[in-house]
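here is the input, now give the coordinates:
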Amino acid sequence: MKDPETATVFAGLDGRTNTELPEWYAEQHGGPEPISFSAAIRELPQAIDTAVAYRNPHSDEWVETERFNALVEPSRARSQGRDADAETDPLFHIPTDSYSIINPVDVYGPLEEVLREETIDGTPLGDVIFGEIRRYRGGGEVHMDIMFDGLEVHLPGRSDPITMGVTSGYDFFGEHAVYVEGFAQDGYCSNTMRSLTDKEVIKHVGDVRNFRSWWEELLAQVELVADDLFEFIRDAQDIELDFSELPFTVTEFYTLLGFPDYLAERATGDAEANAASPFEIDMWTLHSGATYALTHFFQGKEGASLDQYVRIANDILFNPEGTIERVEQAYEQQLEADGDDGSQASLAGERALASIERVSDDLQEKVEQFEEREDALRERFQEAMA
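Residues are numbered from 1 along each chain as shown. Next up, the predicted model:
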């Protein structure tokens, strides 16, 4: 991802908590001492609205309009009022009058209340919270990872856990509504696993809902995912693709799924390095390769451009059958495109497709286990939200 303008690491809810970063996270985020989550939220830029005017080119007069409002950062506006040459522009955006400002404390203040009451094994979540807040575009766009030490998955042979939490963000430019979704970070390799729950979104329009109940529901979902993530990973480790029998390489596997070449190459390097054999690679390792590439080498921005690739990566883990079908369809389309005037694929191409079909058939029994687990998890979501 593109580097943020500033990044703030936090640990503990407020000044009353004495929380240290987990050792694996501290090693990855060396630098200044972390501050509390409450302090980090209150450091974020806010927005207020003010009147907008346009210059009439015929009279050279400024005319105010009630159809739009300017979103400005109040402390920067104050500085600009004192010094017209101030370097930081206070203006974020000029939306229509239907835009509702949602400031950081509006969203994350209610989360603080929930974190004081909700617990993990008797410990308040506020005592184990940690993560990072990233600012872009003068702080008008913010994304953050919020994790909970102890809400985690341990894989055999690894000392560092996969730690669960949420990723959240917003902007004041009319592009990113306030969002939250399930998230995890693998301490073994620092890969991030995004979109582990459906993305919940609140737009900057109309009445703003009760954020406290929103957070309560979301954290309940994350705890359910933590309970089942280990089982998904274990099942995915049992599903291997033998690339010596498939008509494409590991890199082509990723490009057929839709990854650009530079990400496919990075994903392949990681997957092959972590596989017992460079030819027989299980779906968890293929998923991990994809998250490695997205975490460390993605050249776009956080948001929609990243989300499309995250969904592909997650399907490798959570929907192996759909992943194989997608690869098969893309390979078939590639064969047809390579043919003369859209003619049928060659005999060699038909044999290649048959080999993919055999892999899909071999996976069927294990795929049914995945589907049963997904159905059970969905039912538990519905029960928890009722």
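
out of everything not next to it in sequence, what's closest to Leu151?
In space, and not counting its chain neighbours, Leu151 is closest to Met164: 4.5 Å by C-beta to C-beta, 6 or more residues apart in numbering. C-beta: built from backbone N, CA, C; applies to glycine.

which residue of this protein lies farthest from its centroid?
Here the chain reaches farthest from its C-alpha mean at Ser59, the gap being 50.5 Å by C-alpha atoms, centre = their mean.

next one: it, what pLDDT does it get?
Looking at Ser59, its pLDDT reads 92.

next one: Arg378
Model confidence at Arg378 (pLDDT) stands at 57.

next one: Ala384
We have a pLDDT of 51 for Ala384.

what stretches of this structure score poorly on pLDDT?
Counting by pLDDT under 70, the low-confidence segments of the chain come to 1, 84-87, 206-209, 339-349, 362, 364-386.

if we use 80, what do you get?
Scanning the chain for pLDDT under 80 picks out 1-2, 30-31, 83-88, 176, 204-209, 227, 336-386.

all strands for it, in order.
With DSSP state E, the ranges of strands along the chain come out as 6-11, 48-55, 62-72, 91-93, 119-120, 123-124, 129-136, 141-153, 162-171, 178-186, 192-193, 200-202, 240-242, 280-282.

out of those strands, which is closest to Gln329?
Among those, strand 240-242 comes nearest to Gln329, with 16.4 Å by C-beta to C-beta.

would you reformat the strands of the chain as a markdown table and include mean neighbour count?
Shown next, in a markdown table, are the strands of the chain (neighbours: other C-beta atoms under 10 Å):
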| stretch | mean neighbour count |
| --- | --- |
| strand 6-11 | 19 |
| strand 48-55 | 13 |
| strand 62-72 | 14 |
| strand 91-93 | 19 |
| strand 119-120 | 14 |
| strand 123-124 | 14 |
| strand 129-136 | 22 |
| strand 141-153 | 22 |
| strand 162-171 | 24 |
| strand 178-186 | 24 |
| strand 192-193 | 20 |
| strand 200-202 | 16 |
| strand 240-242 | 19 |
| strand 280-282 | 19 |
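
let me have these in CSV, adding distance to Asp228 as columns.
Putting the strands of the chain into CSV (distance: least, C-beta to C-beta, whole Å) gives the following:
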stretch, distance to Asp228
strand 6-11, 27
strand 48-55, 43
strand 62-72, 41
strand 91-93, 40
strand 119-120, 17
strand 123-124, 22
strand 129-136, 22
strand 141-153, 9
strand 162-171, 11
strand 178-186, 11
strand 192-193, 13
strand 200-202, 19
strand 240-242, 22
strand 280-282, 18
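
so which of those strands is nearest Arg311?
strand 178-186 (11.3 Å).

what's that closest one in contact with?
25, 102, 107, 145-147, 153, 160, 162-170, 191-204, 214-215, 218, 221-222, 225, 229, 288, 291 (C-beta atoms under 8 Å, 6 or more residues apart in numbering).

let's see that with 7 Å instead.
By C-beta atoms under 7 Å, 6 or more residues apart in numbering, the list of residues contacting strand 178-186 from outside reads 102, 107, 145, 147, 162-170, 192-202, 218, 221-222, 225.

what's the answer for stretch 7-19, then?
20-21, 29, 34-38, 40, 43, 112, 115-116, 126-134.

who are the neighbours in contact with the residue nearest to Leu151?
Per C-beta under 7 Å, 6+ apart, neighbours of Met164: 147-148, 151-152, 184, 222, 225-226.

got it, and Phe130?
Counted by C-beta under 7 Å, 6+ apart, Phe130 has contacts 10-11, 19, 21-22, 25, 147, 149.

that one pairs with what?
For Phe130, the beta-bridge partners are Ala11, Met147 (DSSP bridges).

against Ala26, how distant is it?
Noted for Phe130: a distance of 9 Å to Ala26, by C-beta to C-beta, to the nearest Å.

who's the closest spatial neighbour of the residue nearest in space to the middle of the chain, skipping the chain neighbours?
By C-alpha atoms, centre = their mean, the chain has its centre lying nearest to Arg194, at 3.5 Å. Sequence neighbours aside, Val310 is the residue nearest to Arg194 in space, at 4.6 Å (criterion: C-beta to C-beta, 6+ apart).

again with Ile324
Leaving aside its sequence neighbours, Ile324 sits nearest to Ser360 (C-beta to C-beta, 6+ apart; 4.9 Å).

touching, that neighbour and Thr323? I think so.
No. In this structure Ser360 lies outside contact range of Thr323 using C-beta atoms under 7 Å: 10.0 Å.

between those two, which has more neighbouring residues?
Thr323 (25 against 16; other C-beta atoms under 10 Å).

that one touches Leu317, doesn't it?
No. Using C-beta under 7 Å, Thr323 makes no contact with Leu317, being 8.9 Å away.

and the helices in the stretch 251-386 of the chain?
In the stretch 251-386 of the chain, the helices defined using DSSP state H, counting those that start in this stretch lie at 261-274, 283-297, 304-318, 320-338, 347-385.

quick one: closest of the ones you listed to Pro247.
Closest of those to Pro247 is helix 347-385, at 3.4 Å (criterion: C-beta to C-beta).

contacting residues around the closest residue to Thr291 other than its chain neighbours?
Among residues not flanking Thr291 along the chain, Asn191 sits closest, at 4.2 Å (C-beta to C-beta, 6+ apart). Neighbouring residues of Asn191 by C-beta under 7 Å, 6+ apart: 288, 291-292, 295.
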